[in-house]
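Student: any chance you can model this:
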Amino acid sequence: MTATFNHLTIVSEDQYALGRYYEGFFHMKPAGAQGPMDDVRLADGHIGLNIKPRLSGHPAQLDHFGIEVDDLAKVLGRLRDSYPKIAWIERSPSTISTHDPVGNTFLVSQRGAENRAGFYAVEGRRQDRVVDHFALRVMHLPRVAEFYRSVFELAPLAQPPDAKNVYLSDGGVTLVLIPWRLGDFEFTGISARGMDHIGFKVESVAALKADIERMTARNFRLQPSETVVGRGKEGMGRLEMFRGSCPLGCHHMADSDGLLLDVRE
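Tutor: Numbering: from 1, shown residues only. Predicted coordinates for the structure are as follows:
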């Protein structure tokens with residue numbers, strides 16, 4: 001069975017401003033048909049970024065991800081047989097919401113389903129700044145890793161013998177599973193388990209920094225000045241934890257909502 005990550009969803013206090021942030025700094029383009037009051041949907045030519053408004057009872061955060069499969073019935077069968085305690089909600093005949101063994105939620109959709117056509121499609125374009133990976137901080141890491149391997153057949157990537165993380169790939173985007181340990185937060189605020197950051201691959205970190213400098217000079221609302229990683233004692237603790245927990249990126253930053261971003265060339 002083929003499974004691919006098809007989108008990441010962010011819940012934002014201002015989805016329109018955040019959409020312009022990712023358009024300007026990471027060259028993502030509007031994807032699919034969308035009206036002025038719809039969620040902001042962007043794509044890099046491979047994976048979509050869905051930015052939703054924060055509603056009552058929902059925190060602003062990196063919220064969930066989506067997986068597209070070529071056989072949804074097979075996925076449901078594997079859940080019934082191997083993970084009978086995991087429930088799912090049918091969103092449409094071709095899409096379900098479900099969760100992994102420690103409660104991280106995600107969408108699963110049938111590839112080629114008519115009601116999903118064009119959601120994140122940007123025809124014939126693969127840009128120079130793309131989503132490279134995303135990370136979950138989880139307890140019971142071996143159990144979670146086995147879930148994604150067995151249910152979705154994600155491929156484990158080679159890693160050093162002393163590596164603490166698990167890296168699983170769909171062939172284009174990597175899911176990084178980071179162990180959640182209370183002791184890691186000794187020098188910074190404690191973050192909940194779950195989705196941690198988005199990783200981007202860019203043609204040049206220097207070019208990205210130049211874009212940020214040029215664009216924020218024109219529009220201060222895009223500037224992540226209050227959320228720059230590494231500012232103050234607690235911010236430095238967060239930066240050191242970020243650097244130590246995910247070695248894929250070489251530049252660590254935050255978007256205008258404070259969502260952590262890991263960038264590499």
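Student: C-alpha from now on. contacts and neighbour counts both.
Tutor: OK.
Student: which residues does V130 bridge with?
Tutor: K201 (DSSP bridges).
Student: the stretch 1-150 of the chain: strands as residue ranges?
Tutor: 3-12, 29-30, 40-43, 48-53, 61-69, 88-92, 95-99, 105-110, 130-138 (DSSP state E, counting those that start in this stretch).
Student: for the fifth one, C-alpha coordinates in CSV please.
Tutor: Backbone C-alpha positions of strand 61-69 (Å, rounded to 0.1, in the frame of the first residue of the first chain) are rendered in CSV as follows:
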residue,chain,number,x,y,z
GLN,A,61,-1.1,25.5,17.3
LEU,A,62,0.3,23.1,14.8
ASP,A,63,-2.8,20.9,15.0
HIS,A,64,-2.8,17.7,12.9
PHE,A,65,-1.6,16.2,9.6
GLY,A,66,-3.2,14.3,6.8
ILE,A,67,-2.3,11.0,5.1
GLU,A,68,-3.5,10.0,1.7
VAL,A,69,-3.7,6.2,0.9
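Student: phi, psi for the closest residue to F242 other than its chain neighbours please.
Tutor: Leaving aside its sequence neighbours, F242 sits nearest to H252 (CA to CA, 6 or more residues apart in numbering; 7.8 Å). Main-chain dihedrals, H252, degrees, to the nearest 10: phi -110, psi 130.
Student: who does H252 form a beta bridge with?
Tutor: D262.
Student: how many residues are close by it?
Tutor: Neighbourhood size, H252 [other CA atoms under 10 Å]: 18.
Student: does R137 touch S191 like I think?
Tutor: No: using CA atoms under 8 Å, R137 makes no contact with S191, being 9.4 Å away.
Student: settle it for me: which of these two has more neighbours?
Tutor: R137 (21 against 11).
Student: list the contacts of that one.
Tutor: By CA atoms under 8 Å, 6 or more residues apart in numbering, the contact list for R137 reads 177-180, 193-196.
Student: give me the pLDDT value at it.
Tutor: Note on R137: pLDDT of 97.
Student: who does it bridge with?
Tutor: Where R137 sits in a bridge, its partners, by DSSP bridges, are I178, G194.
Student: so how far is G57 from it?
Tutor: 22 Å (CA to CA, to the nearest Å).
Student: swap in A43?
Tutor: For A43, the distance to G57 equals 27 Å [CA to CA].
Student: which one's more surrounded, those two?
Tutor: A43 (29 against 6).
Student: show me the strands in the stretch 151-265 of the chain, by range?
Tutor: So, for the stretch 151-265 of the chain - with DSSP E, counting those that start in this stretch - the strands run 155-156, 166-169, 174-179, 194-201, 251-254, 260-264.
Student: just give me the neighbour total for D70.
Tutor: Using other CA under 10 Å: D70 sits among 16 other residues.
Student: skipping adjacent residues, who's closest to it in space?
Tutor: R111 (5.1 Å).
Student: phi, psi for the one you found please.
Tutor: Given degrees, to the nearest 10, the pair of backbone angles that R111 has is phi -60, psi 140.
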